[in-house]
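Participant: take this sequence and fold it.
(chains A and B)
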Number of protein chains: 2
Amino acid sequence: MQPTLAAYPKHHKIMIDCNQAIAALDWSKEPQGLYAPIAYALSSGGKRLRMQLVLAGCRLVGGNEQDALPFAEAIEVFHNFTLLHDDVMDRAEVRRGMPTVHIKWNDNTAILSGDQMLIEAYRLLEKVPDTYLPQLLHLFTKTATEICEGQQYDIDFEQRSDVQISDYIEMIRLKTSVLLAAALKGGAIIGGATYGEQDALYNYGIHLGLAFQIQDDLLDCFGDPATFGKAIGGDISCNKKTYLLLSALQQADTHQREALNSWLQLTAPSAEKIESVKALYIATHAREAAEQAIANHTAEALKCLSTLPDNSETRHLEQMARNLAQRKS
Amino acid sequence: MQPTLAAYPKHHKIMIDCNQAIAALDWSKEPQGLYAPIAYALSSGGKRLRMQLVLAGCRLVGGNEQDALPFAEAIEVFHNFTLLHDDVMDRAEVRRGMPTVHIKWNDNTAILSGDQMLIEAYRLLEKVPDTYLPQLLHLFTKTATEICEGQQYDIDFEQRSDVQISDYIEMIRLKTSVLLAAALKGGAIIGGATYGEQDALYNYGIHLGLAFQIQDDLLDCFGDPATFGKAIGGDISCNKKTYLLLSALQQADTHQREALNSWLQLTAPSAEKIESVKALYIATHAREAAEQAIANHTAEALKCLSTLPDNSETRHLEQMARNLAQRKS
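Facilitator: Numbering: from 1, shown residues only, chains lettered A, B, ... in the order given. Model prediction:
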């Protein structure tokens, strides 16, 4: 007896394995110079979180997740396209423990195969039910646009000294949240959701994404090196304009602001800088502000769920939001 | 009295100005770091040939060209996206007399704004008539894929020594022809064309593109420096596998092949190399073969037109194919 499965209507017994579905996409066609890097970029796994959210959104409103599979695949291929091109722009050499495409091949391959991945995402969209095609195409293109805008703001912020917390929230909404939100909403549309349900899931996704990203900023600074998976203080070392730094600059008194600004002048790696800035994040209550923001967005996310059908899928999303606030990596 | 206009039904009197329509697209939104390079890339003009072909395809079958405008814009924005990313990959510094985007800004801007242009092309597709959306989306995505494949083959051919003329024809079909073909076919679909008309226009576009590209190879080698617009012999200098070189290698006798291969060893710029290889192209009848191929594809293109309504648009396409064989630049 499987209690979670029992909560679904009969035809939902098959739960799609997202990794398997992505692995089943065929990239054996010619020219392999174009398609092998796509197969490689999609082979490194990851949680397939966005794909899961599409299927969850569909099931939650009583739809058949098989109908949502092409949209889920489109979202996942699109997400991996953004990672591929971001890695070129950031000169990142490793992704999920494997050399990035522009390292394993070269920049031109990463550009062209990335372009083709974006086109492939649209090809998968062709397979969504005809009735929903205009709506899903619009949602997909709007979301893709917002993600490029978010990436551009992120680049712009590096050069700007006047970034406010509200600018930062808008940037991470665009760069991270809208894809989670669109995944849930798209799945719900295919599942036959009402507009109210679509909006509730979209907004849940937005707040989930914001809480997730601010939590990421906190972990980078105050996480446990044993569980976080990368070195603590990376954001501090490169003066990244995180929620913590922007809060600290906003809430600091004259003395604290001077101290912060003088640490920001130092660009060489320094353990002392990391420790001092962490202390300032605590003294200025920036850490508290970040924790409060996570709690607020988690609460908002849960509020969105309260309008949705009370079933195991909704409870799963609820659990997801609650876990996130406690996550260590 | 305007005889060409008089041939159209009443509602076709407005002829869309393609440059004006492209200039009317709004790129003033934020972040400008993302959108200004798109506005710039689209501002340099060009013939807007592909856009014209969409509108021509629509009018030819009796449609209203206004209905085809979003598809025409999508095709034009897509084409300029490919130029933008190709220029990064080729390290080209000038395009239509202006610095390329990656020179005026930087590589990352060219990558990200290029990605957004591809997404914008899909956004324009949302505006096509709902009835035709699935069909046009499929045509567009299939064509975009083929163009990326053509670009990849072009890159692959640089490293290969076994490229046959048939491989080359397939590469330029993908890289150049399919977009002209899809432009005509897409416009015709919107104009309410029969399947037969769609196919005839598509095939016309394929042969037009092939003739155009082989003519380009000929002009690069045997064109008049005064009218061609760039230095003659560029393809010879960089050992580009053109129709001429592949024909010459195929048709050469032992002695001629040895001579050709020894010139291919020389990578430094050399006026003597250009003159000697040109002489070999004549001696091996490669020039003749190229001229014959252009004549054949022009004839094929004209044959396609013979099945279409006999109106001023058809005659215009006929003229276009005939002019192409005589063009000097």
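
Participant: neighbours of A:Ser262, how many?
Facilitator: A:Ser262 has 11 neighbouring residues, counting by other Cβ atoms under 10 Å in any protein chain shown. To be clear about C-beta, it is placed using only N, CA and C from the backbone, and glycine gets the same treatment.

Participant: surely it is within a helix?
Facilitator: Yes: under DSSP: H, G, I helix; E, B strand; the rest coil, A:Ser262 sits within a helix.

Participant: now the residue in the stretch 1-150 of chain A positioned nearest to chain B: how far from A:Gly114?
Facilitator: Per Cβ to the nearest Cβ, A:Leu34 is where the stretch 1-150 of chain A lies closest to chain B, at 4.0 Å. Distance check for A:Leu34 against A:Gly114: by Cβ to Cβ, to the nearest Å, it reads 11 Å.

Participant: what's the answer for A:Ile274, then?
Facilitator: 34 Å.

Participant: between those two, which one's more packed in?
Facilitator: A:Gly114 (28 against 19).

Participant: so for the more buried one, what's the pLDDT?
Facilitator: On pLDDT, A:Gly114 comes in at 98.

Participant: secondary structure element holding the residue in the stretch 51-200 of chain A that chain B sits nearest to?
Facilitator: Distances between the stretch 51-200 of chain A and chain B by Cβ to the nearest Cβ are smallest at A:Gln152, namely 4.0 Å. Assessed by DSSP states H and E, A:Gln152 sits inside helix A:133-159.

Participant: show me which residues of the stretch 51-200 of chain A sit near chain B.
Facilitator: When proximity is defined as Cβ under 8 Å from any Cβ of the partner chain, the stretch 51-200 of chain A approaches chain B at A:85, A:88-89, A:107-108, A:111-112, A:114-116, A:118-120, A:122-123, A:125-126, A:130, A:133-134, A:137-138, A:141, A:144-145, A:148-149, A:151-153, A:155-156.

Participant: let's see that with 6 Å instead.
Facilitator: Selection of the stretch 51-200 of chain A residues close to chain B by Cβ under 6 Å from any Cβ of the partner chain yields A:85, A:89, A:108, A:111, A:115-116, A:118-119, A:122-123, A:126, A:137-138, A:141, A:144-145, A:148-149, A:152-153, A:156.

Participant: count the neighbours of A:Asp26 for me.
Facilitator: By the criterion of other Cβ under 10 Å, A:Asp26 has 7 neighbours.

Participant: tell me the pLDDT of it.
Facilitator: Here, the pLDDT recorded for A:Asp26 equals 97.

Participant: that one falls within a helix, correct?
Facilitator: No: membership of A:Asp26 in a helix is not supported by three-state DSSP, which gives coil.

Participant: and it, how close does it get to A:Asp217?
Facilitator: Distance of A:Asp26 to A:Asp217, given as Cβ to Cβ: 39 Å.

Participant: likewise A:Ala92?
Facilitator: As judged by Cβ to Cβ, A:Ala92 and A:Asp217 stand 19 Å apart.

Participant: got phi/psi on A:Leu219?
Facilitator: The phi/psi pair for A:Leu219 (degrees, to the nearest 10) reads phi -60, psi -40.

Participant: for it, what are its contacts?
Facilitator: With contact set as Cβ atoms under 6 Å, 6 or more residues apart in numbering or on different chains, A:Leu219 has these partners: A:Phe228.

Participant: what's the pLDDT at it?
Facilitator: At A:Leu219, the model reports a pLDDT of 94.

Participant: also the one 10 residues further on?
Facilitator: Among the per-residue scores, A:Gly229 shows a pLDDT of 71.

Participant: hang on, the earlier thing: so after the helix holding A:Gln152, what's the next helix or strand?
Facilitator: Immediately after helix A:133-159, counting by DSSP H and E, sits helix A:165-172.

Participant: so for the helix holding A:Gln152, what's the average pLDDT?
Facilitator: Mean pLDDT, helix A:133-159: 97.

Participant: now that helix against helix A:165-172, angle please.
Facilitator: 130 degrees (axes from the mean of the first three to the mean of the last three Cα atoms, to 10 degrees).

Participant: remind me what helix A:133-159 packs against, helices and strands.
Facilitator: On a contact count with 3 or more Cβ pairs under 6 Å, 6 or more residues apart in numbering or on different chains; DSSP states H and E, helix A:133-159 meets helix A:165-172, helix A:178-190, helix B:32-43, helix B:107-125.

Participant: what's the end-to-end length of stretch A:225-234?
Facilitator: 12 Å (Cα to Cα, to the nearest Å).

Participant: how far off centre is it?
Facilitator: 19 Å (Cα atoms, centre = their mean, to the nearest Å).

Participant: repeat for stretch A:280-296
Facilitator: 22 Å.

Participant: list the buried ones in it?
Facilitator: A:Leu280, A:Tyr281, A:Ala283, A:Thr284, A:Ala286, A:Arg287, A:Ala289, A:Ala290, A:Glu291, A:Ala293, A:Ile294 (16 or more other Cβ atoms under 10 Å in any protein chain shown).

Participant: next one: the last one from A:Phe228, what distance?
Facilitator: It refers to A:Ile294. Distance from A:Ile294 to A:Phe228, by Cβ to Cβ: 16 Å.

Participant: again with the fourth one
Facilitator: Separation of A:Thr284 from A:Phe228 (Cβ to Cβ): 23 Å.

Participant: kindly report the same for the first one.
Facilitator: A:Leu280 is 21 Å from A:Phe228, where distance means Cβ to Cβ.

Participant: kindly report the same for the fifth one.
Facilitator: Computed with Cβ to Cβ, the distance linking A:Ala286 and A:Phe228 is 19 Å.

Participant: in which helix or strand would I find the closest residue to A:Leu266 other than its chain neighbours?
Facilitator: Nearest residue to A:Leu266 in three dimensions, chain neighbours excluded: A:Lys273, at 5.5 Å (Cβ to Cβ, 6 or more residues apart in numbering or on different chains). If you go by DSSP H and E, A:Lys273 is part of helix A:271-283.

Participant: now the element after that helix, going C-ward?
Facilitator: Using DSSP H and E, the first helix or strand after helix A:271-283 is helix A:286-305.

Participant: from the chain's centre, how far out does that next one sit?
Facilitator: Its chain's C-alpha centre and that of helix A:286-305 lie 17 Å apart, by Cα atoms, centre = their mean.

Participant: surely A:Tyr168 and A:Ser247 touch.
Facilitator: No: checked against Cβ atoms under 6 Å, the pair A:Tyr168 and A:Ser247 is beyond contact range at 9.4 Å.

Participant: export stretch A:267-287 as PDB, just CAs?
Facilitator: Below are the C-alpha coordinates for stretch A:267-287, written out as PDB (Å, rounded to 0.1, in the frame of the first residue of the first chain):
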ATOM      1  CA  THR A 267      39.900  42.400  -3.700                       C
ATOM      2  CA  ALA A 268      42.600  39.800  -2.700                       C
ATOM      3  CA  PRO A 269      41.300  36.600  -1.000                       C
ATOM      4  CA  SER A 270      41.400  37.100   2.800                       C
ATOM      5  CA  ALA A 271      40.100  35.000   5.600                       C
ATOM      6  CA  GLU A 272      40.100  38.000   7.800                       C
ATOM      7  CA  LYS A 273      37.900  39.900   5.400                       C
ATOM      8  CA  ILE A 274      35.400  37.000   5.400                       C
ATOM      9  CA  GLU A 275      35.300  36.900   9.200                       C
ATOM     10  CA  SER A 276      35.000  40.600   9.600                       C
ATOM     11  CA  VAL A 277      32.300  41.000   7.100                       C
ATOM     12  CA  LYS A 278      30.300  38.100   8.600                       C
ATOM     13  CA  ALA A 279      30.600  39.900  12.000                       C
ATOM     14  CA  LEU A 280      29.300  43.100  10.400                       C
ATOM     15  CA  TYR A 281      26.400  41.100   8.800                       C
ATOM     16  CA  ILE A 282      25.500  40.100  12.400                       C
ATOM     17  CA  ALA A 283      26.100  43.500  14.000                       C
ATOM     18  CA  THR A 284      24.000  45.400  11.400                       C
ATOM     19  CA  HIS A 285      21.200  42.800  11.700                       C
ATOM     20  CA  ALA A 286      21.600  42.000   8.000                       C
ATOM     21  CA  ARG A 287      21.600  38.200   8.900                       C
END
